[in-house]
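# Predicted model and sequence below, questions to follow.
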Amino acid sequence: MMHEMNCPHCNAKVRSEEQFTEGTTMACPFCKTTFRLVAVGDAGLSKRGEPSPLPPRAPAAKGTGPKRLQPTGAIPAIQHSRKTIGTVILLSIAGLAALFVTWYVDTVRSLTKTADRASKQRVERLVHGAEQGAVKKKSAPVPQALVVRSFESASMEIDNIVVGVSAAEIGRVRINKQESANNYLILRIQITNRSQDTIAYQGWQRSDVAVVLRDVTRKTYERASFSPGELPEGCVEESKIAAGETLRDNLVFEAPSPPYRSLELELPLSETSTFRLAVADSMIRAAKPVASLVVRPLPGAASATSAQPAGAPGASLSDAFSGKPAQAEKAAAKPSRADELALRRTILAEYRELWAQVERRSKGMAYDRGRQYKRSRRTEILNSMSEKYKMPVDDLRGILP
């Protein structure tokens, strides 16, 4: 059986399975106030089991009023809920702080890795660029007049017949002892018979033979066409090659424009066999003109006599040995003003065309790389034009912009 009574201080119901006994001191489980049970009539229990009011307390000190009591039975629930809410809020703040710290650390690490990777790539690009620049400096073109080249033939053998390219020159050809007005690409071909029989050779310069010449960009070059029976000097129309002998022939094509690229030459032997030869760009060079004979005066030979030199009409004997050039040599030694202007216009036109190609190729490059590319290409163009027009590079610099 449950016994009930009201706390004399907070008026909360106090329940107990044991009976309340007179003189017992107990504490309210809600307001924690201690009180003593007295007898009925003298301050004992009431009929409802409630204790009699306690004797009045001593007056409170001045300035101290009675404490405000909370509603019956509400204080424990409110205090419990406040603690729970505070704990939840603190845990939430701690979780958010932990999430923020984790995100911040991950972001910093990611940015650090990205910066390290970008720095490493930049260093690799700089090193690669330095290596490329060193290679370009090592392979910078040298004026051909100062270089002595030894070429290896690009050759191929089919059915005991060896065909190779011994040289490639850019220059003029001679037809009926007259020099052509235009420059051509002249390929020096060697045909060697390694069989035991004599073979009949038909020249590849003939128009009815399908000969193909192209560069590495797949651009083809046509063979030069000449009148029947008027082949350039060095070209063989037909011949016989004995066993173990070598025949030399020339093939004439339109001249490629500098910078020269490697070439691929296809020479048909039969319907099923074709010679495919590679001509490296380093093999292509300008043909050296035949130097004219200049007679120098000998010591003590001022009064010597000799026949008039051939090819110098009107030249006297004393002019030939006194160091005075003939009239034809004087005219050739000093070109006219019109010839000089025409040559300057030709050089300028060719240079502008080549430089326009350089400008187009350097548009997609970085600034430093494009600048280095232009500098190297200008040097190559100057060297090739110097060799082509037989002019020093310094003179070309004075003409070109």
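Yes, it's here.
# which element follows the biggest helix by length in the chain toward the C-terminus?
Assignment by DSSP state H gives helix 75-138 as the longest helix of the chain. Moving toward the C-terminus from helix 75-138, the next helix or strand (DSSP states H and E) is strand 154-158.
# So for the longest helix of the chain, mean pLDDT?
Looking at helix 75-138 alone, the average pLDDT works out to 81.
# and that helix, what other elements does it pack with?
helix 367-389 (3 or more CB pairs under 8 Å, 6 or more residues apart in numbering; DSSP states H and E). Any C-beta I mention is one placed from the backbone N, CA and C, and that applies to glycine too.
# Which strands and helices lie in contact with the helix it packs on?
helix 75-138, strand 284-286, helix 337-361, helix 393-399.
# got JSON lines for these, with mean neighbour count too?
Below are these laid out as JSON lines (neighbours: other CB atoms under 10 Å):
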{"stretch": "helix 75-138", "mean neighbour count": "10"}
{"stretch": "strand 284-286", "mean neighbour count": "19"}
{"stretch": "helix 337-361", "mean neighbour count": "12"}
{"stretch": "helix 393-399", "mean neighbour count": "12"}
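# Show me where the stretch 201-350 of the chain has its helices.
For the stretch 201-350 of the chain, the helices defined by DSSP state H, counting those that start in this stretch cover 317-321, 327-333, 337-361.
# Which of the helices and strands in this protein ranks last by mean pLDDT?
Of all helical and strand segments in the chain, the minimum by mean pLDDT, DSSP states H and E falls on helix 317-321, at a mean of 38.
# I figured E254 hits Y221, correct?
Yes: E254 is within contact range of Y221, at 5.2 Å (criterion: CB atoms under 8 Å).
# wait, what's in contact with R188?
Remark: with contacts taken as CB atoms under 8 Å, 6 or more residues apart in numbering, R188 is in contact with 165-169, 234, 248, 250.
# Which members of the residues you listed are positioned in strands?
Among those, DSSP state E puts 165-169, 248, 250 in strands.
# from those, which would you call buried?
165, 167-169, 250 (16 or more other CB atoms under 10 Å).
# quick revisit: how far out from the middle of the chain is the longest helix of the chain?
Taking the mean of its C-alpha atoms, helix 75-138 sits 33 Å from the chain's own mean (CA atoms, centre = their mean, to the nearest Å).
# Equivalent analysis for stretch 340-357, please.
A distance of 31 Å separates the centroid of the chain from that of stretch 340-357, by CA atoms, centre = their mean.
# Stretch 15-33 now?
94 Å.
# what sits in contact with each of E254 and Y221?
When contacts are counted by CB under 8 Å, 6+ apart, the set common to E254 and Y221 consists of L185.
# quick one, domains of the chain?
150-286, 317-399 (automatic domain parsing).
# As JSON lines, the ones in strands among the contacts of R188 with distance to L265 would be great.
Shown next, in JSON lines, are those (distance: CB to CB, whole Å):
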{"residue": "V165", "distance to L265": "7"}
{"residue": "S166", "distance to L265": "12"}
{"residue": "A167", "distance to L265": "13"}
{"residue": "A168", "distance to L265": "9"}
{"residue": "E169", "distance to L265": "14"}
{"residue": "R248", "distance to L265": "16"}
{"residue": "N250", "distance to L265": "13"}
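# Which one of these is nearest to C28?
Using CB to CB, A168 comes nearest to C28 of the ones in strands among the contacts of R188, at 120.0 Å.
# Could you verify my assumption that that closest one touches S282?
No: contact criterion CB under 8 Å: A168 and S282 do not qualify, at 9.6 Å.
# one step back: M156: which of the buried ones among the ones in strands among the contacts of R188 is nearest?
V165 (9.8 Å).
# how much space between the closest one and A366?
V165 sits at a distance of 39 Å from A366 (criterion: CB to CB, to the nearest Å).
# Show the backbone phi and psi for I161.
Main-chain torsions, I161, degrees, to the nearest 10: phi -120, psi 120.
# what's around it, how many residues?
Residues near I161, counting by other CB atoms under 10 Å, number 18.
# So in terms of bridging, what pairs with it?
Assessed by DSSP bridges, I161 has beta-bridge partners I158, N193.
# wait, isn't it in contact with Y201?
No: the criterion here is CB under 8 Å, and I161 misses it with Y201 at 9.4 Å.
# Give me the common contacts of these two.
Residues touching both I161 and Y201 by CB under 8 Å, 6+ apart: I191.
# give the contact list for the residue nearest to S195 when sequence neighbours are not counted.
In this structure, S195 finds its nearest non-sequential neighbour in N160, 4.0 Å apart by CB to CB, 6 or more residues apart in numbering. Neighbouring residues of N160 by CB under 8 Å, 6+ apart: 193-195.
# Quick check: of those residues, which has the highest neighbour count?
Neighbour max across the contacts of N160 (other CB under 10 Å) = N193, 20 neighbours.
# And that one, how far from I199?
5 Å.
# Identify the contacts common to those two.
Common neighbours of N193 and I199 (CB under 8 Å, 6+ apart) are 161, 241.
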